[in-house]
Each structure stands twice: as C-alpha cells, then as structure tokens.
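A.B. asks: Here you go, sequence then predicted model.
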Amino acid sequence: MTSRFFLAISRFIIVALVAAYSASASASASQAVVLKAASYIDTQRGILVQPAVVVVNRGLIIAINPRTLPEGSTVLDLGDATLLPGLIDVHTHLMISTNDTDELVRQAGSYSETDFVLAAMGNGYKTLMAGFTTVRDLDSWYFVDVTLSKISEREEFSLPRIVPAGHGINLSSPADYSHIFPPVESLPNVGIADNEDEIIAAIDHQAAMGAGVIKLYSTAGFTMSAHSDKPVGPQTYSDEEVEAAVIQAKIHGLKVASHAHGSEGIMAAVKGGVASVEHGSLLTDEIIAQMKQRGTYLVPTTPIMNKASLQDPHLPPKGIAVIRQGIQSHKRAIKAGVKIAYGTDAGLYPHGKNADGFMDLVEYGMSPAQAIQTATSEAASLLGVDDRGSLTVGKLADLIAVVGNPLEDVSLLQNVSFVMKNGRIYKLDDKFRLYDKQVEKQGK
C-alpha cells in the first residue's frame with residue numbers, strides 16, 4: 001500500500017483516539033481567562049515577580065498584573081503556584097522510544113506510517129503534560145514530525161507545537177544508516193546524501209515536504225562509532241559540503257542543526273555556519289572560541305550525557321570515556337559563555353522526562369535562572385521566533401505552573417501541575433482550586 005494510504009488511515013485512527021489524548025479546557029479560547037498565582041518568572045531578567053495576574057484571550061497574553069480585570073472573564077486561582085512560559089525542547093525524536101539501534105532497525109522494517117504517527121502522538125502527549133509546549137523534532141521517518149506539526153495546530157489534540165526536520169541528512173557510509181530505511185526510489189528523499197549535489201537535493205526535498213529546520217549529521221553517530229574500532233564521532237561531510245548545506249538551507253529560510261560529536265566535525269559545522277551544534281561531545285578551546293565569536297548555539301542534550309549515563313551497561317569503555325569528556329566539554333562551554341539551548345534527545349531518553357536536564361545544567365555551572373532561560377528565551381532565539389519564550393504581553397498564551405519557586409529549586413520543573421497552550425488548558429492538577437469553587441465571572 002502507498003504512503004498516502006497509510007497516512008490517510010493514520011489520520012482517521014488518530015481522530016478516533018482524540019479522547020485518549022486530549023484534555024478539556026475550562027474556558028474557550030475566545031473568552032478572556034485570568035490566571036492568578038503567587039508569582040511568575042520573568043525569564044528575560046531571570047527574576048521572580050509577585051504577584052502574578054495574567055490575562056489571556058484568543059491565544060495571546062493580553063495583560064499582566066492589570067489594575068482591573070476584563071468584564072466577563074473567567075478567573076482561575078492557582079494559589080501558591082509559580083507561572084512560567086511554556087518550556088521548549090529543541091532536540092526530540094517523538095516517533096521513537098528506544099536508544100537500541102537494533103530495535104530501530106526492526107521497527108523500520110515492520111512499522112507502518114500509522115504505527116509511527118500513533119507512537120508520536122502518545123509521546124507528544126507526554127511531552128506536553130511535562131510542560132513543554134514547543135519542541136524541535138530532529139530526524140523523523142515518513143515525515144511523521146511534519147504530519148504532527150500540522151495536527152498540533154488543532155486544539156483538540158494534546159500535542160506541543162512542533163518544528164519538524166523531516167529526515168536528517170546523513171551519509172550512506174561509513175555509519176551505513178541507509179539499511180534502516182525501507183526501499184526508496186531516491187535516497188536523498190530520506191536524507192541519504194554522499195556528495196554536495198545529493199545534499200542539496202536532500203535539503204530541497206525536506207523543505208518541499210514541510211521541514212522547519214534542517215538536521216545535518218556532521219559526524220557519525222555516537223552509539224555506532226563507540227562500538228567500532230574507529231574514533232567516536234568521525235567527521236562525515238567536508239567543510240565545503242557543510243557550508244553548501246547551510247547556504248542551501250538559507251535559500252529555503254531554514255537554519256541547520258548539526259549532529260556533531262567529534263572535534264573535527266564540530267569545527268566544520270561551526271565554521272560552516274550552522275545555527276546549533278547538537279551534543280558537542282569533544283569541544284576544544286578553539287571550537288569554544290569560534291562558537292562564541294559566531295554566536296553558535298550548543299545543545300548539550302545532558303540527559304544522555306551526564307553522570308547517570310556512565311552507568312549504562314551497554315556502553316563500552318570508549319563510550320564511557322567520551323561521555324566523561326562530554327561532561328567536561330559542556331562545563332567549559334558554559335563557563336566560557338557559549339550560547340546554550342535546551343535539548344534532551346527525548347526518544348533516546350524517556351518522553352515526559354524532558355525536565356530532567358535542568359539539574360544537569362545547574363550542576364555544570366549554570367544558575368537555575370540561566371538553566372530555565374535555555375528552555376525559554378534562548379531556545380526561542382535559536383528557533384528564530386519572537387512569539388514565545390517569555391511571559392510578555394502580546395506573546396502566545398503558552399504557560400505552565402509549578403508549586404514552589406524554581407529559581408531556588410530547578411527540580412520543581414519535573415512536576416508541572418498546569419499546562420496551557422494557545423490559551424487552552426490541557427492540564428490542571430487537583431491541587432489547584434478554581435476561584436470561588438467554580439469560577440468567578442468578572443462584572444457579573
């Protein structure tokens with residue numbers, strides 16, 4: 001059966017399962033809603049502001065701590081909670097839930113588009129419930145992330161906003177990822193490119209299919225090379241090929257996110273003009289200086305590169321050694337003032353646990369405020385959007401709440417109790433009460 005048939009079936013099944021993945025809102029998006037809380041975090045200044053009275057209407061924040069409330073508005077009292085803008089994870093893989101390469105190969109050979117779309121729906125739900133209202137999805141088969149990005153625009157689906165990459169651009173060798181994909185007529189269509197012409201063709205196809213960012217593998221994958229007799233993360237594309245990829249992406253108005261572990265590949269990516277280096281395991285002082293000079297973001301994906309990762313029984317000694325180096329690389333980059341954006345590699349790390357990386361960033365030298373900025377204002381800057389990332393009048397009504405002050409204990413972000421996206425409430429824990437038991441209608 002054709003891909004279009006499977007996608008049509010998947011959409012039909014998804015609609016039938018809306019009830020399983022959707023949460024009801026307390027008020028429609030066309031009615032003003034007032035959120036009252038003890039405080040909110042000004043992510044631009046990194047400070048706590050008290051009190052918090054936020055008015056939202058038609059998907060936007062229209063007032064903060066106003067003198068009077070809109071007539072007829074619905075008031076929601078969140079008590080001692082702290083409000084924040086919705087969090088952003090710039091490195092996820094919604095369609096997968098394993099870091100086992102053999103399992104990925106098995107799924108590629110046996111799963112249909114429908115299977116992957118439904119898996120991504122469930123993972124997207126977990127992500128939204130964890131307080132992440134926007135994600136950048138880096139590498140997806142069958143353009144599952146593009147499909148989900150369109151679905152997520154409909155309020156009845158409990159999904160974060162999604163910036164899709166389509167297929168990541170990678171060599172057919174030496175990493176030999178091409179065997180993962182089902183047979184296709186044109187390998188660049190699924191991101192396999194072995195020269196500059198194929199790289200350009202692959203980028204053109206991803207853009208034509210709806211990609212919002214280009215994922216480029218500037219080095220081989222960590223897991224495969226860690227188990228081989230070759231250095232971890234060897235460079236894949238030449239400096240000239242990386243530069244050509246960046247230029248071609250710009251033609252489509254897209255940025256390039258570079259998967260890069262080894263030093264040579266990282267340097268090629270940075271000098272080639274990529275917007276972000278993903279993972280960045282083996283940074284050198286020269287690379288760090290170049291990243292600072294060029295404003296290149298580092299996305300350290302700390303949940304898969306921290307002390308806990310060293311306990312992975314499947315990692316060979318070479319892999320453990322690289323993780324140790326990666327931790328030190330990230331600490332040095334943070335100390336040097338390299339721009340950091342928050343990413344988890346969720347998919348290789350459990351979905352719904354996206355907030356686990358904040359504590360790593362603090363351990364690596366950031367203040368809680370700086371760690372939160374990586375998933376708010378800094379992440380929005382990397383994405384090139386100015387409609388989210390801070391709790392500001394005129395921005396999207398994507399908000400979350402936690403009980404307590406995350407500026408004192410960033411681990412509180414692991415327990416998000418309230419989630420609003422586009423002015424619609426998707427999560428409201430029982431610990432929060434509705435003002436006056438139900439709602440208070442202003443002016444009534």
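C.D. replies: Sure, I can see it.
A.B. asks: any idea which element L35 lies in?
C.D. replies: Per DSSP states H and E: L35 is located in strand 33-37.
A.B. asks: tell me what whatever helix or strand comes next after that strand is packed against?
C.D. replies: For strand 33-37, the following helix or strand on the C-terminal side (DSSP H and E) is strand 39-42. For strand 39-42, the packing partners by 3 or more C-beta pairs under 8 Å, 6 or more residues apart in numbering; DSSP states H and E come out as strand 47-49, strand 52-57, strand 81-85. C-betas here are computed from N, CA, C, even on glycine.
A.B. asks: deepest of these, which one?
C.D. replies: strand 81-85 (a mean of 26; mean count of other C-beta atoms under 10 Å).
A.B. asks: orientation of that strand relative to strand 33-37 in degrees?
C.D. replies: 120 degrees (axes from the mean of the first three to the mean of the last three C-alpha atoms, to 10 degrees).
A.B. asks: chain center to the helix or strand that strand 81-85 is followed by: distance?
C.D. replies: As assigned by DSSP H and E, the chain's next helix or strand after strand 81-85 is strand 87-92. Taking the mean of its C-alpha atoms, strand 87-92 sits 2 Å from the chain's own mean (C-alpha atoms, centre = their mean, to the nearest Å).
A.B. asks: do the same with stretch 366-374
C.D. replies: When distances are taken as C-alpha atoms, centre = their mean, stretch 366-374 is centred 16 Å away from the chain's centroid.
A.B. asks: Outside of it itself, list whatever touches it.
C.D. replies: With contact meaning C-beta atoms under 8 Å, 6 or more residues apart in numbering, stretch 366-374 is reached by 41, 43, 46-47, 84, 334, 340-342, 358, 361-362, 406-410, 413.
A.B. asks: Now, of those, which are buried?
C.D. replies: For the contacts of stretch 366-374, a burial check counting by 16 or more other C-beta atoms under 10 Å picks out 41, 43, 46, 84, 334, 340-342, 358, 361-362, 406-407, 410, 413.
A.B. asks: Show me which pair in those is furthest apart.
C.D. replies: Spatially, the most separated pair among these is L84 and I334, at 21.2 Å (C-beta to C-beta).
A.B. asks: quick revisit: please tabulate the helices and strands packed on strand 39-42 in a markdown table and include distance to A321 and mean pLDDT as additional columns.
C.D. replies: Below are the helices and strands packed on strand 39-42 laid out as a markdown table (distance: least, C-beta to C-beta, whole Å; pLDDT from 0 to 100):
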| stretch | distance to A321 | mean pLDDT |
| --- | --- | --- |
| strand 47-49 | 40 | 98 |
| strand 52-57 | 46 | 98 |
| strand 81-85 | 37 | 98 |
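A.B. asks: And the ones you listed: which comes nearest A165?
C.D. replies: With C-beta to C-beta as the yardstick, what comes closest out of those is strand 81-85 (23.3 Å).
A.B. asks: Packing partners of the closest one?
C.D. replies: strand 33-37, strand 39-42, strand 52-57, strand 399-403.
A.B. asks: Can you point out the buried residues in stretch 357-368?
C.D. replies: 357-362, 364, 366, 368.
A.B. asks: that older thread, could you redo the helices and strands packed on strand 39-42 as TSV and give each row distance to H205?
C.D. replies: Output for the helices and strands packed on strand 39-42, formatted as TSV (distance: least, C-beta to C-beta, whole Å):
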stretch	distance to H205
strand 47-49	45
strand 52-57	39
strand 81-85	34
